[in-house]
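Visitor: below: sequence and its predicted model.
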Amino acid sequence: PLGRAVAALAARAGPAGRYSVIVRNENRPGEFYGTTNIDPVSIPPKLREEVLRKPADEDSTQYWNLRYMGRTEPVRGLVIGTRLDTYGTGLDDGYEIYHLIPLEEEEKNLTSVRQMLILVGAALVLLLAAIASLVTRQVVTPVRLARQAAERLAAGHLDERLKVRGEDDLARLAASFNEMATTLALKIHQLEELSHVQRQFVSDVSHELRTPLTTVRMAADLLYDAREDFDPMAARSAELMQNQLNRFESMLADLLEISRYDAGAAELDIEPVDIRDVVLRAVADSEALAERHSTRFDLRLPGDPCMAEMDSRRVERILRNLLFNAIEHGEGRDIVVSVGADRDAVAVAVRDHGVGLKPGEENMVFDRFWRADPSRARTIGGTGLGLAISREDAMLHGGWLQAWG
């Protein structure tokens with residue numbers, strides 16, 4: 001009867017015999033009934049102990065290596081065990097029932113699925129790489145080219161243009177960039193022409209004014225020399241005219257000098273000079289103006305010669321402009337003039353102790369006709385071009401001129 005029961009249980013797996021069945025008598029350890037192809041060692045000892053310990057009709061499961069008759073290699077499978085309670089049925093013995101299900105086919109299927117997933121994943125990676133490459137060529141590359149073109153345009157290459165391909169947003173961006181570059185080049189060309197016209201105008205007017213100014217100067221000199229014979233009002237008018245003519249001549253000279261810089265015609269007369277001698281000559285030229293403003297110079301010169309290749313006339317003019325500016329804004333306090341040198345360069349610093357500069361004004365003091373306080377009149381008759389010319393002189397030497405305060 002147990003053999004027929006085992007066969008009936010095994011038949012539930014279908015005609016292919018998907019799983020095997022073993023029935024054991026719990027009171028007779030050596031007695032068992034099972035399908036013909038299964039080895040009883042396929043039942044795990046721990047699983048059997050758990051089945052015997054649990055109440056009847058309660059399952060226990062464990063993965064195990066199943067052994068089959070005629071096969072040397074074990075097969076990974078699933079063992080499900082339960083105990084049959086026979087009390088009250090007229091049978092005196094209890095029985096253990098084990099279903100042994102091989103998972104060989106499932107493992108093959110899982111392996112196939114895993115391989116398929118790997119292949120699909122690899123294909124997806126390649127597809128994503130192809131899409132990324134396409135996006136890079138279609139989007140990133142045009143943007144990079146636009147950035148490079150913008151950098152070259154900013155560097156002054158006004159003929160830089162982008163190639164327009166297609167009609168998408170990137171093509172419209174390239175077309176807009178080309179239109180912007182064309183408009184910018186046109187505006188810059190117009191500004192250059194306007195600047196050239198302005199520089200030419202200043203230069204021409206300055207030259208044309210020299211002839212009538214010479215005539216007016218001769219007449220003014222005659223009036224100024226004869227002012228002692230005039231009444232006080234006429235004498236004062238002659239003095240005022242003389243002073244304003246001096247200022248006008250200075251402004252005209254400065255305008256001519258600026259026009260030379262604008263035209264790129266300024267040249268240096270280089271010679272080895274001790275910067276200390278240039279400083280002393282500039283200070284001597286400023287002494288009279290300093291005395292009128294009750295200002296004293298504090299010279300801090302090194303003991304050794306400070307030789308440099310320079311145009312002494314231009315450097316002396318730089319120093320005079322700095323000293324005059326310091327006298328005008330120093331409010332009668334001492335002006336410190338310092339000289340320093342090393343193997344490569346010489347430097348001169350002029351420091352006054354006046355009201356100083358507001359933040360941001362240190363870069364504006366060298367602009368033409370700029371004033372920190374527009375309502376304040378020039379006390380020494382400056383033209384408003386001195387510091388602008390001084391910076392051009394310094395740059396012509398390959399040096400620099402800075403202000404701080």
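Guide: Yep, it's here.

Visitor: pass me the low-pLDDT residue ranges in the stretch 201-350 of the chain, would you?
Guide: Low-confidence segments of the stretch 201-350 of the chain (pLDDT under 70): 202-203, 206, 262-265.

Visitor: just the buried residues of stretch 219-229, please?
Guide: In terms of neighbour count (16 or more other Cβ atoms under 10 Å), stretch 219-229 has its buried residues at 220, 223-224, 227. Bear in mind the C-beta positions are built from the backbone N, C-alpha and C, glycine included.

Visitor: tell me if R161 really is in a helix.
Guide: No - when the secondary structure is assigned by DSSP: H, G, I helix; E, B strand; the rest coil, R161 falls in coil instead of a helix.

Visitor: tell me how many other residues crowd it.
Guide: R161 has 15 neighbours, counted by other Cβ atoms under 10 Å.

Visitor: from what I can see it touches L184, true?
Guide: No - with contact defined as Cβ atoms under 8 Å, R161 does not count as touching L184 (11.8 Å).

Visitor: OK, contacts around V279?
Guide: 299, 301, 319, 337, 339, 348 (Cβ atoms under 8 Å, 6 or more residues apart in numbering).

Visitor: let's see the pLDDT reported for the closest residue to L84 other than its chain neighbours.
Guide: Nearest residue to L84 in three dimensions, chain neighbours excluded: Y95, at 4.6 Å (Cβ to Cβ, 6 or more residues apart in numbering). pLDDT for Y95: 77.

Visitor: one more: A123?
Guide: With respect to pLDDT, A123 has a value of 95.

Visitor: what strand or helix carries it?
Guide: Remark: A123 resides in helix 104-135, with elements defined by DSSP states H and E.

Visitor: same question for P212.
Guide: helix 169-225.

Visitor: for the residue nearest to L84, give me phi and psi.
Guide: phi -130, psi 150 (degrees, to the nearest 10).

Visitor: what do you get for the one 3 residues further on?
Guide: As for Y98, its main-chain torsions (degrees, to the nearest 10) stand at phi -120, psi 130.

Visitor: count of neighbours near it?
Guide: Neighbours of Y98 (other Cβ under 10 Å): 25.

Visitor: need the contact list for it.
Guide: By Cβ under 8 Å, 6+ apart, the contact list for Y98 reads 21-24, 43, 47, 51, 79-81.

Visitor: change it to 7 Å
Guide: Y98 makes contact with 21-22, 43, 79, 81, according to Cβ atoms under 7 Å, 6 or more residues apart in numbering.

Visitor: helices of this protein, residue ranges please.
Guide: Chain-ordered helices for the chain, with DSSP state H as the definition, fall at 2-11, 45-53, 104-135, 141-154, 169-225, 232-263, 275-292, 312-329, 386-396.

Visitor: list the buried residues for the fourth one?
Guide: For helix 141-154, the buried set under the neighbour-count rule, 16+ other Cβ under 10 Å, comprises 142, 149, 153.

Visitor: so who does the second one touch?
Guide: Meaning A149. By Cβ under 7 Å, 6+ apart, A149 lies in contact with 160, 162, 177.

Visitor: before we move on, the earlier item: for the residue nearest to L84, list each beta-bridge partner.
Guide: Applying DSSP bridges to Y95 gives these bridge partners: N25, L84.

Visitor: how far away is the residue lying closest to Y224 once chain neighbours are set aside from L357?
Guide: Leaving aside its chain neighbours, Y224 sits nearest to Q242 (4.5 Å; criterion: Cβ to Cβ, 6+ apart). If you measure Q242 against L357 using Cβ to Cβ, to the nearest Å, the figure is 34 Å.

Visitor: tell me what the helix holding P212 is packed against?
Guide: Identification of packing neighbours for helix 169-225 by 3 or more Cβ pairs under 7 Å, 6 or more residues apart in numbering; DSSP states H and E yields helix 141-154, helix 232-263.

Visitor: residues of the longest one that come out buried?
Guide: Buried residues in helix 232-263, counting neighbours by 16+ other Cβ under 10 Å, are found at 235, 238, 241-242, 245, 249, 251-252, 254-255, 257-259, 261-262.

Visitor: which member of the residues you listed is positioned nearest L119?
Guide: For those, the closest approach to L119 (Cβ to Cβ) belongs to D262, at 74.1 Å.

Visitor: tell me, how many residues neighbour I275?
Guide: Per other Cβ under 10 Å, the neighbour tally for I275 reads 23.

Visitor: let me see the contact set for the residue lying closest to G386 once chain neighbours are set aside.
Guide: With sequence-adjacent residues excluded and distances taken as Cβ to Cβ, 6+ apart, G386 is closest to N321, at 3.8 Å. Neighbouring residues of N321 by Cβ under 7 Å, 6+ apart: 386-387, 390.
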